[in-house]
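Novice: Predicted model and sequence below, questions to follow.
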Amino acid sequence: MDRSIVRDALGVGLATGAYGIAFGAAGVAAGFSVLQTCLSSLLVFTGASQFALVGVIGAGGGVAAAVGSALLLGARNALYGVRLSSLLGWTGWRRAIAAQGVIDESAAMALPRTTPEASRLAFVSTALSVFVFWNAATLIGAVGATAVGDPAVLGLDAAAPAGFLALLAPRLREGGGAWRVAAAGAVIALLATPWLPPGVPVLLASFGVLVALGRPR
């Protein structure tokens, strides 16, 4: 077993899981209970979608807009799954269980490996590491926000957008079309926010990806 892969996976899990504290606080600030917030991390387990869900609900948006935003952001995991499926080579119940661990971090760790064995180790160790740290941090954040009483007193009502921006920042450093997509999405959301219900501007902002898709390579 390549211990360097496991060591890197633990580092990724610790760094990513730390954002779970912000999500736990954001969930409670948006009106979710500690149990509901923790179940989101256990069952949904994809940070961007979770932040979008509680962000829209916290802003007063409807359930349809919140779920739509979350599903839209989570759709990229299906694309990761297509690439990982043939690489990992699992079938049946193993593939079903592995599907829960398909996230940005596990895909990024598994895809560059040169052997199927290394890819499997990177995928499993990263998915487990992020899962454990993310869920533990969610519980800490949710319980802490509940103890505060009024989340707005400490500014915890801003945890959802702040956490989402923290997750977005590393993607912007990748270069390419990331800045064009982010800028187009931000402009669309800003123009739509005064006129449309909460959550709908987020859905419209997804059309910012057309800027990257439509640009000649």
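Specialist: Great, that's in hand.
Novice: any idea which element Gly13 lies in?
Specialist: helix 3-17 (DSSP states H and E).
Novice: ok, and for that helix, which residues are buried?
Specialist: Under the neighbour-count criterion of 16 or more other Cβ atoms under 10 Å, helix 3-17 has Ile5, Val6, Asp8, Ala9, Leu10, Val12, Gly13, Thr16, Gly17 buried. All C-beta atoms are positioned from the backbone trio N, CA, C, and that covers glycine.
Novice: Distance of the nearest residue to the fifth one once chain neighbours are set aside relative to Ala15?
Specialist: Looking back up the chat, that one is Leu10. For Leu10, ignoring the flanking residues on the chain, the nearest one in space by Cβ to Cβ, 6 or more residues apart in numbering is Ser129 at 5.3 Å. To Ala15, Ser129 is 10 Å away according to Cβ to Cβ, to the nearest Å.
Novice: got it, and Asp104?
Specialist: Distance of Asp104 to Ala15, given as Cβ to Cβ: 12 Å.
Novice: Then Ala147?
Specialist: Distance from Ala147 to Ala15, counting by Cβ to Cβ: 25 Å.
Novice: Repeat that for Leu35.
Specialist: Distance, Leu35 to Ala15, by Cβ to Cβ: 26 Å.
Novice: Over to Glu105?
Specialist: Note on Glu105: its distance to Ala15, by Cβ to Cβ, is 9 Å.
Novice: next one: Phe123
Specialist: Counting by Cβ to Cβ, the separation of Phe123 from Ala15 is 17 Å.
Novice: I'd guessed Ala9 sits against Arg113; true?
Specialist: No. Assessed by Cβ atoms under 8 Å, Ala9 is found out of contact with Arg113, at 11.9 Å.
Novice: Tell me the residues that contact both of these two, please.
Specialist: Common contacts of Ala9 and Arg113 (Cβ atoms under 8 Å, 6 or more residues apart in numbering): Ala122.
Novice: Between the two ends of stretch 11-25, how far is it?
Specialist: From its first residue to its last, stretch 11-25 covers 23 Å (Cα to Cα, to the nearest Å).
Novice: got it, and stretch 30-50?
Specialist: Per Cα to Cα, stretch 30-50 runs 12 Å from first to last residue.
Novice: Give me the residues contacting that stretch.
Specialist: With Cβ under 8 Å, 6+ apart as the test, stretch 30-50 has contacts from 16, 19-20, 23-24, 27-28, 53-55, 57-58, 69-71, 73-74, 77, 100-101, 103, 131, 134-135, 138-139, 142-143, 146, 160, 163-164, 167-168.
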